[in-house]
Structures are given as structure tokens and as C-alpha cells.
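In: Prediction below, plus the sequence it came from.
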Amino acid sequence: MRGVSQYGTLAIPEPRLACPTELLMTRSPFRRLAFGALHRLLYLWVRSETINQSAFTLKLDCSKPVFYVLQQPSASDLSVVDSECRKAGLPRPVLPVQLGNHQESKGFFYLTPEPGWFGGSSKPGVAPTLVRALNAVNQQQVDDVQIVPVSVFWGQSPDSETSPWKLLFADSWAVTGRLRRLFTILILGRKTRVQFSAPLKLRQIIDEGKGPERTPRMVYRLLRVHFRQQKAAVIGPDLSHRRNLVKRLIHGPLVRQAIEAQVASEGISVEKAEAQALKYGNEIASDYAYTAIRFLELVLSWFWNKLYEGIKVNHLQQVQEIAHGNEIIYVPCHRSHIDYLLLSYLLFTNGLTPPHIAAGINLNMPVVGGLLRRGGAFFMRRTFKGNPLYTAVFNEYLHTLFCKGFPVEYFVEGGRSRTGRMLQPKTGMLAITLRSFLRSSRLPVVFVPVYIGYERVLEGRTYLGELRGASKKKESVFDIIRVLNAIRKQRFGSVAVNFGEPIHLAAFLDQQQPGWRSADHGAQFRPAWLNDTTHRLGQRIARHLNDATAVNPVNLVALALLSTSKLALDEKALARTLDLYLNLLRQAPYSPYATLPEGDGLALIEYVQSMELLAEQRDALGRILYLDEQNAVLMTYYRNNVLHVFALPALLASFFQSSARMSREQILRFTRALYPYLQAELFIRWELEELDEVIDQWLTALVDQGLLKVDGEMYSRPAPSSREFVLLTLLARAIVQTLQRFYMAIALLLNNGQNSLSAERLEQLCTVMAQRLSILHGLNAPEFFDKSLFRHFIQSLLDHRVLRQSAEGTLSYHPQLGELVEGAAKRVLPAEIRLSIRQVAQHSHDEQSDETPA
């Protein structure tokens, strides 16, 4: 079919077969009767309303021809639109429209052809009605024709919908057939909304002079963009990319290289290698569905209200400001399995797109895995080693997400922290991100750290067992039942979500590798500096996460009581200690992104006791509050959440346990010597060059709180019998176990001599020694002998060139190391602890010597 006009011949595809809805609108009385019967039957159940009708009617000129355009054929949609037009007194789509000397039998057309009963559609063509309308305007048969896009949304009342099951049938981006539409009408028909949009005026489009071929295409392009934006505004963006994304993965250049390599190495066909790559893609890719997100929103709303007494969100506005025009990568700390659910829920309810989330393949369990996948999770294996094809497919998938601008979330710690500390970053995902950025930086990449602070973590009982030495437990569906059972028995308090300072990747690379923009990074995008830069990026993210710490009542009570020898304080002493901690942090805030709890010490005590984390004993003098055996171990987890916040003031306080007076110069010198190792373990925020100013701020705060006295350049402690000295001692003990571990490693190294131990052997000896000391001194802190902490301390000594490693792997050190370490240890550790460590270290050396054959 062709329409001839003054601006040329409009070539359109061969006319498609009329769909059943179009046949209803012919001049046949029978067809009109059938449509009327359908309408009456439909409205026995359906209830509809028009969105923003007044704004639309102001822009519509009913004296000129009006055609309605619907995105896809649907008799039910057309019936709803016709009903809303009648209610509003608008031209009805089912009635004829006069175009000059020609009459169109109906006042509507569809943008896409009709889907089949079970979904799927053919290639769209230009609707003949639109072509004739363009011709009529161009030939001056009519002044103008108005094309009104209209959308019908079934079950889209987000503010009032409370049934998660109904949301499973709500409108989405997926192509649907008549069968699903039937269920949608039956389940959601009473919540139907119609959106009339501003009319598209053909006269204005023709006057642009695009020509006979481009004009119809331009109209269709405008309509497609409009419907896409309209749908995104109502039901969210189109995230159902899985349908064609996975198939495109195997065409990526790096995947093609991996396929060719596998064909060559294993002697298989290209088709078989491609099939394997597609299998990997389907294993990895998420199946993001808006209906699943809405379903999860309602389920999680119930869950959070049932489990927690409030979710406190801080610094979200900065994320809302940078979300547009940037590729956002959320990098939360990882304390619980519900971290990613909580973050996605908060982002969605605050108008931000929920991210695609990297999840371990262990979570791809029956039922749960499918729901997580539809909620945005993509699954990754624990290791990629020995499988270059899987590695290439995963890298290509992540690169595709970045290029399309989808927000992504992954945990730089790798797994959940079982000790409450920030874990050393795993750089695998960061390296993939950096390589993708170097390959094609279509959008600026911004990392957004997210600190999630729980007053009671959901997996507390599991962590308690692991802290006591039990092996890590594999996840299962039955864990959900146990969690739901725990909700009934415990109070979980509130949870805080603090968004930290964003890290702009381009700016970070400008600082670390100034010539990266113009350098040739190679076909594999693996520049020589990639590993070191990725490591520094991981360290930066970890520090920014700790910067956003949410200090809560449980953290502070744990810090105070675990610093006492008997894990107990009377109520007044505990309240004074908590007030001291709060006052110190208010006077010398850790960072602009950290938050503090409200209330004074007594209020914090009552709150923590209401959570059944404190035991008490009453006598004539009042209450004694203490930690029983189970809670004593568990509270180490919550203390470790904030240990980095108090590390520096605790170190300063420790100098005055063995020395009554110290000069400012001495304090600065000893602090500079010890700080790099504290910073490496606890990810403390300050760089060494800014440390002096920060130390002065903390010294001022300690003086103002009465814990130190100052006379010129000299600082002195209070009298040992005073209340202030007791508070100073409690503060110092917060960091003493960390300092003991440092001293143990050096003592073992010195006792064994130059080039006698490898780093691995030293790590083993440190762990055994720490376990022995914990028994001898009754230390109820399992992370005291955490092997990874010794490993990273030894690595820090190597990084700072305090130790050197030979070609054989043995360790050597500076001859004056012993003198320097002993001088520092005298300042921060009591004499009896130093003596005990030296004795155990000597005993260990003697045993090792006895085992060595002559």
C-alpha cells in the first residue's frame, strides 16, 4: 500500500493482517455489537481511572481530528481507553474520524503488531492510518491531526497495593500474551490506570521538512521513545535485558578469544565452545524483573518492620545527586546476608534504581536463588582459576552492565565479616571494573561506599559458633526458617545505613596514574600498574567505608565492658565511661560521614539491657552490669565494628599507662612509629602527613575531658587513684590486644634470629602463641589469634621494609629492630604482659630448636 503526497511517496511495508481488535472497529454492526458486549462484560469487574487528565485536556483541540495510539494491540486496553474517553467527554477511539473528504473507520492505531497467545511479536511496520493522516495534513485536506499516545497500566497503584502476589501479574517490560493478560485482568482489573499524554501534532512534524521516508520513521521513533519513558516513569526502567543480553555475550572480543583458545586446547568444535559460553552466561546473568522488585519491596517492608525498630539512613542525598549521568557501583561492608536486600530496598523506596548484585553461587539455592536472580542478583563462582572461558564470559557480562549504565553492587571484602572488623579487600571485582573502564569508559564510574551497622546482626548465633572455633557453615534454605524463628525470640534494635564519601574512578586514576588516559593498555587491558592500583583502590574504599561508621549503643557498651578485667562495671561507672566516649567523639569527630547515637550513658545502658545483651546483679550499693560468657564473645563482634574509631585516642592513652609524663615530641614520635600498622589493620582514615594535627586534636579532647593534664609541651596523667585515671586506663585497653599481637610477632622473629623463619612459619607460630596466651591470661577474644591478622601485620612489615624476604623466603630484619620495638613496647604494654610474651616466645624457640636435627 502506498500513499501519495506533495512531499513525495510514502513507502510503507505491505499491509499486515488486521488484528481481531481492528476488525471489531469496522463498519460492520456485528463487529460493533461484539465490542460492546466485550466492554460490558469487562466492566462487570474492571475499575479504571485516568492519570493527570486535566493537564492533557488543556492541550487537546477537539475541533481537529484526534487519533489515539496504543503501544500494542489489546481489546481490553482499547475498551478501557474508550470508557475513559466517554467519561471525560473526549472523542472516542472506536468511532469514525473525518479526514477532509475521507473518513477513517476508527480513531486509533497500534504502534506494534499483535502478540500471540503466549507472547512474542513480529517486526513492526508503519500503520496505514498514520500514513493517511500525514497525507491529509500535507495535502491541506485538514489543518492538523493530533496523535494522542495513551497507556493502560493494570495493577499499578504502588501507593495502595499491599498484596505481593498481585504484583506478580502487574505490568512489566516483558512481552506478554493473551493468556497472561486474562489473568492480569482477573487479578488486577480493579486497579487500572490510564495515562493520556500530550498530543503529537503532525503539522509541526511535517513542517520540519524531513522528507517522505524520514517523516513516518521520525513519528514512530518519537512514539517509541515516549512509550518507553512513560512506562519507565510508572513501573520503573526496563531491566529485563536478559532476553537478548546473554546471546550477545559470546560475540564480545575477549569471549571470542577465549572460545578460540578453548577450541584449540581441547580440540572441540566452535559450536560446542559457544554452547559452553552460553551455559556460563545463563548461570551468571540476573533476570531482573520489576514485578519481583515490587514483590520484594512489600515482603521486605513487612520484614524490616517486624525485625527492626527503624532504619536510619544518612547522606543519601549525595547519591541521588550523582546517580544521573554516572555509572554507580555500590560497595557496602558485608556483615549479614540481608545487606544487599536492605540496600536494594532503601534505594528503591527512595527513588533510585536498585543495583545488579554480585552474589556467591552458594546462594543460588532452590526457590531463593530464583527470587534473588529476579531481584537483580547475578551469580559468580568462588574462584575463576583454570577456567578462562568462564572468566571471559563473566568479565563481558559485567562490562555490558557498566556500558548500559546499570548500577552494580559488590562487596570488596568478598565474604561476610565474622569478627566485626573490616576485612582486607579482595580485589578481583575491582580489577574487572578497572579493566572494563579502561576498555570503554562510556560513563564516569563512581564507587559509593555504604556502611551498614546493626545493633544485633541476624546471624549472631552462627557467628558466635564460628568465633568459638566452629567451621564455617554452608548456607541452606532451612536457614530462612531458623531466621524467622529467631525474630520471635530476640529484639534486634535498629539498623543504620550510612552512605560514605563517593570515589570517582577517573579522578582516582588521575592521582595514581597520571598518564592513564593516553597510554596503550594492551588488547587485554592489563597495564603493568593494574595490580598495585587495584590494591590501593581497595584500601581507599575500605577506609571510606570505615569513615561512614554508625556508632550505636551496643558498640559503645561492648567497648567499655570488654576493656575491664572482669567484664563488669557498676552502673554509674559504666554510664560515666559511655558519656566519656560520646563526648570525645563529639569534640573530635572521626569523620563527617560517621554518626553517633542519641542520649546519654544511662539511656544507652537501658537500651542495651532491653536487648538482653547485658546481665545485672543488684546489691545494697546499686546495680553491677556484666557480660555473661555467651554475650562476652558475641560483644567482641560489636566492639570490633568501631575499634578503628577509638584506635588513635586509645593509643595515646596507652602511652600514659607506664609513663606519668611525656612531651608532645615523644608522643608524636611513638605514634608515627606505630600508626602505619594500626592503619593497615583497621583502615583508619588519616594519612601519615596529617597525623600530627589529628594527634593535637585528640590530646586537646583528652585534656578537656580531664584524662590528661598539659603544661606547655608536657602532658601528664591524673593521679593513679583518681576516677579519671580509671577512665584513661579503660580507653587504653581498647587497643591493647592489637599491640600485644604486634609485639608477639616481633618477639618470635627476634628469638629465632635472622633468616630463620619464613612468613608462613612466623604466622603459624604467632597463632599458636596467641592461643596459649589467651588461655594463660583469660582473654575471651577469639580474633586475638586470628591467623589473617598476623598475616597482614607481617605483610605490613614487609611493605614498610622493616622486614626483608630472601630468595629462599626467609625473613631478615634491621639489627636495631629489637631495641626500637622494646622501647615502644615499654610505653604501651605493661611489664607483666611483655615478660609473659617474651617467655612464651623463648619457650617456642627452645621447642623448635629441640625438634631441629643436629
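Out: Arrived safely, thanks for sending. Worth saying up front: this structure is predicted, and the values here are computed from it rather than measured.

In: what about the nearest residue to Val497 once chain neighbours are set aside, neighbour count?
Out: Once flanking residues are discounted, Val497 sits nearest to Val313: 5.1 Å by CB to CB, 6 or more residues apart in numbering. Every residue, glycine included, has its C-beta placed from N, CA and C. Neighbourhood size, Val313 [other CB atoms under 10 Å]: 15.

In: and Val313, what is it in contact with?
Out: The contact partners of Val313, taken as CB atoms under 8 Å, 6 or more residues apart in numbering, are 346, 350, 496-497, 499.

In: next one: Gly493
Out: By CB under 8 Å, 6+ apart, the contact set of Gly493 is 308-309, 454-456, 552, 554, 607, 611.

In: what do you get for Leu668?
Out: Shown in contact with Leu668 (CB under 8 Å, 6+ apart): 691-692, 695.

In: repeat for Val393
Out: By CB under 8 Å, 6+ apart, Val393 lies in contact with 249-250, 255, 258, 277, 280-281, 284.

In: Recalculate using a threshold of 10 Å.
Out: Counting by CB atoms under 10 Å, 6 or more residues apart in numbering, Val393 makes contact with 246, 249-250, 252, 254-255, 258-259, 276-285, 387.

In: Show me which of these are buried.
Out: Neighbour counting with 16 or more other CB atoms under 10 Å marks 246, 249-250, 252, 254-255, 258-259, 276-277, 280-281, 283-285, 387 as buried within the contacts of Val393.

In: And those residues, which is closest to Trp304?
Out: Proximity of those to Trp304 (CB to CB) peaks at Ala285, which lies at 28.2 Å.

In: wait, doesn't that closest one sit right on Arg374?
Out: No. The criterion here is CB atoms under 10 Å, and Ala285 misses it with Arg374 at 11.4 Å.

In: Now Leu765: phi and psi?
Out: phi -60, psi -40 (degrees, to the nearest 10).

In: out of everything not next to it in sequence, what's closest to it?
Out: For Leu765, ignoring the flanking residues on the chain, the nearest one in space by CB to CB, 6+ apart is Leu748 at 5.1 Å.

In: Now do the phi/psi pair for the residue located most distally from the centre of the chain.
Out: Distance from the C-alpha centroid of the chain peaks at Asn101, with 61.6 Å (CA atoms, centre = their mean). Backbone torsions for Asn101, taken as degrees, to the nearest 10, come to phi -90, psi 10.

In: From Val66, how far off is it?
Out: Distance, Asn101 to Val66, by CB to CB, to the nearest Å: 18 Å.

In: Same check on Thr534?
Out: Thr534 is 59 Å from Val66, where distance means CB to CB.

In: likewise Thr738?
Out: To Val66, Thr738 is 76 Å away according to CB to CB.

In: doesn't Phe793 make contact with the residue nearest to Leu765?
Out: No. Counting by CB under 10 Å, Leu748 sits too far from Phe793 to count as a contact (11.7 Å).

In: What count of nearby residues applies to Glu832?
Out: Using other CB under 10 Å: Glu832 sits among 9 other residues.

In: part of a strand, is it?
Out: No. With DSSP: H, G, I helix; E, B strand; the rest coil as the criterion, Glu832 is helix rather than part of a strand.

In: Hmm, it is touching His777, no?
Out: Yes. Using CB under 10 Å, Glu832 is in contact with His777, at 9.3 Å.

In: And the helix or strand containing Leu372, what's buried?
Out: Using DSSP states H and E, Leu372 maps to helix 368-374. Using 16+ other CB under 10 Å as the test for burial, helix 368-374 gives 368-369, 372-374.

In: Give the other helices and strands that that helix contacts.
Out: helix 290-307, strand 356-360, strand 377-380 (3 or more CB pairs under 10 Å, 6 or more residues apart in numbering; DSSP states H and E).

In: For the shortest one, which strands pair with it and how are they oriented?
Out: Strand 377-380 pairs in its sheet with strand 356-360 (parallel), by DSSP bridges.

In: export the partner strand as PDB, just CAs?
Out: Output of strand 356-360 as PDB, limited to C-alpha atoms (Å, rounded to 0.1, in the frame of the first residue of the first chain):
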ATOM      1  CA  HIS A 356      22.600  -5.600  40.000                       C
ATOM      2  CA  ILE A 357      24.200  -7.500  42.800                       C
ATOM      3  CA  ALA A 358      27.200  -9.900  42.700                       C
ATOM      4  CA  ALA A 359      26.200 -12.900  44.700                       C
ATOM      5  CA  GLY A 360      28.100 -16.100  45.500                       C
END
